[in-house]
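In: compute the structure for the input listed below.
(chains A, B, C and D)
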There are 2 protein chains.
Amino acid sequence: MAAERRGRRDPEYLMDLLWRTRSEGSRGPRGTLSVDRVVTAAVEIADAEGLGAVSMRRVAERVGVTTMSLYTYVPSKDDLLDLMFDVASGRPDTAAWPDDWRGGLSAYAGDMRRVLLARPWMLDVPIGAPPMGPNNLAWMEAALSTMADTPLTEDDMMGVLTILSGHVLTEVRQQLTMSRATPRTGVDYADWDGVYRRLLTRAAASGDYPTIARVMAAVNQDDERGPEEDFVYAVDFILDGVAALMRTRQAV
Amino acid sequence: MAAERRGRRDPEYLMDLLWRTRSEGSRGPRGTLSVDRVVTAAVEIADAEGLGAVSMRRVAERVGVTTMSLYTYVPSKDDLLDLMFDVASGRPDTAAWPDDWRGGLSAYAGDMRRVLLARPWMLDVPIGAPPMGPNNLAWMEAALSTMADTPLTEDDMMGVLTILSGHVLTEVRQQLTMSRATPRTGVDYADWDGVYRRLLTRAAASGDYPTIARVMAAVNQDDERGPEEDFVYAVDFILDGVAALMRTRQAV
DNA sequence: AGTTTCGCTGTACACCGTACAAGGTTCTAG
DNA sequence: CTAGAACCTTGTACGGTGTACAGCGAAACT
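Out: Residues are numbered from 1 along each chain as shown, chains lettered A, B, ... in the order given. Model (predicted):
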């Protein structure tokens, strides 16, 4: 009876991969590679040429092995992607974070944003599973611990974390689709932002979208705020909400 | 000199496609199809079998035409995906929305969530451009107009909209990765949620993630809240923040 | 020493998006 | 009325993808 091939996309198996906790049988020859070597190579390719350049053949070539040999270490490409995401996240550097919850959460959001901006391909990874790698959990732990001594309930903390991290993803994604020059057209759109605004204004001119037109007109005036400012603005907004929530919880 | 092939992934051209405003020359034979027919067919396939089943060959087969013929109507598959997203969004049904801003935004979030849950593949569409189709703009207009008569600045409105819609995406994505049974494994995980919690608890048991452990323990106790409750909880949280912001703006 | 287990290889399959050239059809310009 | 431009449609072809599968050799246990 063949040892049932613990399958691709099995959550438990993925967990073992993420935590490098796979129990290796002791029979056959030791592998020349490791999960880490494979994942690292894939990350390097993605860093250099984007996620689109990451193919099994390419990764295999880079680590000097046949394509199919990779499947000894990783059950499928999708799993490899999940692994890449965790590795690429790295560990949060909490040393410089302020002690108060507000400063802490703010730093969390900012650092996470910086990581994503440094590795834009992370946003292209189709999320196959909720975060459960060691690094992603470390980020989660860091964020939660900043709220540990506040009057928030545990449910509150999870809610805040979801909203905040979700917002970081949203904001960075938006900034990236703006700034990613459309390289396939000959024309080089220096700023998508301008094009977008122009298109939107034109569309709104039909009269069917009066509020959009109004907002666009008003926003056009002060063109000073860059993505960075938009980001901290939104984070502050969220944190204001958190502060208000704390007051509610404390009052009771 | 050949009429320069207005290119794939050209924002302007994409805009013409989205708004069905492409000026058709009058020379050659009329096409047997239309952009709408193609996009609709693609959406139907995605509805039935997910985004993965949408290939150019498959779409062509469905509308009864050769694969390459599709490229007469759509410059590339990526553009087709963008078109699908707008069509699948549909128009918001604002008739039933309350008049007050809070009720309006709440309805916006809920309706949008419902759309995404009904067509989970929409979350798999890699976003190649900011929303600028007629339907997506209609949603945007609907959301903004609920805030039109509030003391919020236009910048505020955009910020609120970004946060709120971003959160809807995040929440639905999370719920979907949970509930999408992992069909490739023989095992049918009725609820990813349980598995996830178990894995997380085990990992947290190492002692490296004390806060996660604490939160998990607390959350485990009252297992009553489903995804729906989590959603409105978070939306309410955001809207509380908006209310607070309004008070600030009004005080000045 | 025998046997099991495992890493690794090469080949093969089905499928993908789309470039390209050729053939028809329909309209406009002269 | 005719020539030719403009356009849709087709078939073929290319280079790529993820991964199933069978075979081989080396290592480690019994």
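In: going forward, measure contacts and count neighbours with C-alpha atoms only.
Out: Noted.
In: show me the contacts for A:A148.
Out: Residues near A:A148 by Cα atoms under 8 Å, 6 or more residues apart in numbering or on different chains: B:T211.
In: where does chain A dip in pLDDT?
Out: Applying pLDDT under 70 to chain A flags residues A:1-9, A:180-193, A:220-224, A:252.
In: do that again at 50, thanks
Out: A:1-5, A:182-190 (pLDDT under 50).
In: and it, which residues reach DNA strand D?
Out: Residues of chain A found near DNA strand D (Cα under 7 Å from any atom of the strand) are A:26-30, A:53-58, A:67-68, A:76-78.
In: chain B next: which of those are close?
Out: Among those, proximity to chain B is found for none (Cα under 8 Å from any Cα of the partner chain).
In: in PyMOL, select just the buried ones from those residues.
Out: This is the PyMOL syntax for the buried subset of those, where burial follows 16 or more other Cα atoms under 10 Å in any protein chain shown:
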select buried, chain A and resi 54+56+58+77+78
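In: list the residues that contact the nearest residue to A:Y209 once chain neighbours are set aside.
Out: Leaving aside its sequence neighbours, A:Y209 sits nearest to B:E141 (Cα to Cα, 6 or more residues apart in numbering or on different chains; 5.8 Å). Listed by Cα under 8 Å, 6+ apart, the contact set of B:E141 reads A:Y209, A:P210, A:T211, A:I212.
In: let me see the domain layout of chain A.
Out: Structural domains annotated on chain A: A:2-89, A:94-180+A:222-251, as defined by automatic domain parsing.
In: now do the same end-to-end measure for the last one.
Out: Spelled out, that is domain A:94-180+A:222-251. 31 Å (Cα to Cα, to the nearest Å).
In: is stretch A:229-236 up against chain B anywhere?
Out: Yes - contact of stretch A:229-236 with chain B (Cα under 8 Å from any Cα) involves A:D230, A:A234.
In: how about that stretch: buried residues?
Out: Going by neighbour count (16+ other Cα under 10 Å), the buried part of stretch A:229-236 is A:F231, A:Y233, A:A234, A:V235.
In: helix or strand for the second one, which one?
Out: Right, the one you point to is A:Y233. Assigned by DSSP states H and E, A:Y233 belongs to helix A:227-251.
In: by contact count, what packs against that helix?
Out: helix A:101-118, helix A:154-179, helix B:154-179, helix B:227-251 (3 or more Cα pairs under 8 Å, 6 or more residues apart in numbering or on different chains; DSSP states H and E).
In: and for the first one, what's in contact with it?
Out: Applying Cα under 8 Å, 6+ apart, the external contacts of helix A:101-118 come out as A:89, A:92, A:97-98, A:122-123, A:142-143, A:146-147, A:150, A:164-165, A:168-169, A:172, A:176, A:235-236, A:239.
In: run the chain-centre distance for the regular element (helix or strand) spanning A:M84.
Out: Using DSSP H and E, A:M84 sits within helix A:77-89. Offset of helix A:77-89 from its chain centre (Cα atoms, centre = their mean, to the nearest Å): 11 Å.
In: what angle do that helix and helix A:101-118 make?
Out: 120 degrees (axes from the mean of the first three to the mean of the last three Cα atoms, to 10 degrees).
In: let's see helix A:77-89 as CSV, backbone CA atoms only.
Out: Only the C-alpha atoms of helix A:77-89 are listed here, as CSV (Å, rounded to 0.1, in the frame of the first residue of the first chain):
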residue,chain,number,x,y,z
LYS,A,77,3.3,26.0,-7.7
ASP,A,78,0.4,27.5,-5.7
ASP,A,79,2.0,26.3,-2.6
LEU,A,80,5.3,27.7,-3.7
LEU,A,81,3.6,31.1,-4.0
ASP,A,82,2.2,30.9,-0.5
LEU,A,83,5.7,30.1,0.8
MET,A,84,7.2,33.0,-1.2
PHE,A,85,4.7,35.4,0.4
ASP,A,86,5.7,34.4,3.9
VAL,A,87,9.4,34.5,3.2
ALA,A,88,9.1,37.8,1.4
SER,A,89,7.2,39.3,4.3
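In: going by distance to B:D16, which of the buried residues of stretch A:229-236 wins?
Out: B:D16 has its nearest neighbour among the buried residues of stretch A:229-236 in A:F231, at 31.0 Å by Cα to Cα.
In: deepest-packed of the domains of chain A, please.
Out: domain A:94-180+A:222-251 (a mean of 18; mean count of other Cα atoms under 10 Å in any protein chain shown).
In: contact partners for the residue of chain A found nearest chain B?
Out: Chain A approaches chain B most closely through A:G241 (4.3 Å), counting by Cα to the nearest Cα. Residues in contact with A:G241 (Cα under 8 Å, 6+ apart) are B:F237, B:I238, B:D240, B:G241, B:V242, B:A244.
In: what would those residues look like in TSV with distance to B:V219?
Out: Below are these laid out as TSV (distance: Cα to Cα, whole Å):
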residue	distance to B:V219
B:F237	18
B:I238	21
B:D240	23
B:G241	24
B:V242	27
B:A244	28
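In: out of those, which comes closest to B:L17?
Out: Distances from B:L17 to those, taken as Cα to Cα, are shortest for B:I238 (35.1 Å).
In: surely the closest one meets B:L164?
Out: Yes - in this structure, B:I238 is within contact of B:L164 by Cα atoms under 8 Å, at 7.3 Å.
In: coming back round to it: so of the residues of chain A next to DNA strand D, which ones are in helices?
Out: Mapping those onto helices (DSSP state H) picks out A:M56, A:R57, A:R58, A:K77, A:D78.
In: give the contact list for the residue nearest to the second one when sequence neighbours are not counted.
Out: Nearest non-adjacent residue to A:R57, counting by Cα to Cα, 6+ apart: A:T67, 5.0 Å away. Each residue near A:T67 by Cα under 8 Å, 6+ apart is listed here: A:M56, A:R57, A:V59, A:A60, A:E61.
In: residues touching the first one, list them.
Out: If a contact means Cα under 8 Å, 6+ apart, then A:M56 has A:T67, A:L70, A:K77 as its contacts.
In: nearest to A:M84 among the contacts of A:G241?
Out: A:M84 lies nearest to B:I238 out of the contacts of A:G241, by Cα to Cα, at 32.1 Å.
In: and the closest one, how far from B:A109?
Out: Separation of B:I238 from B:A109 (Cα to Cα) stands at 11 Å.
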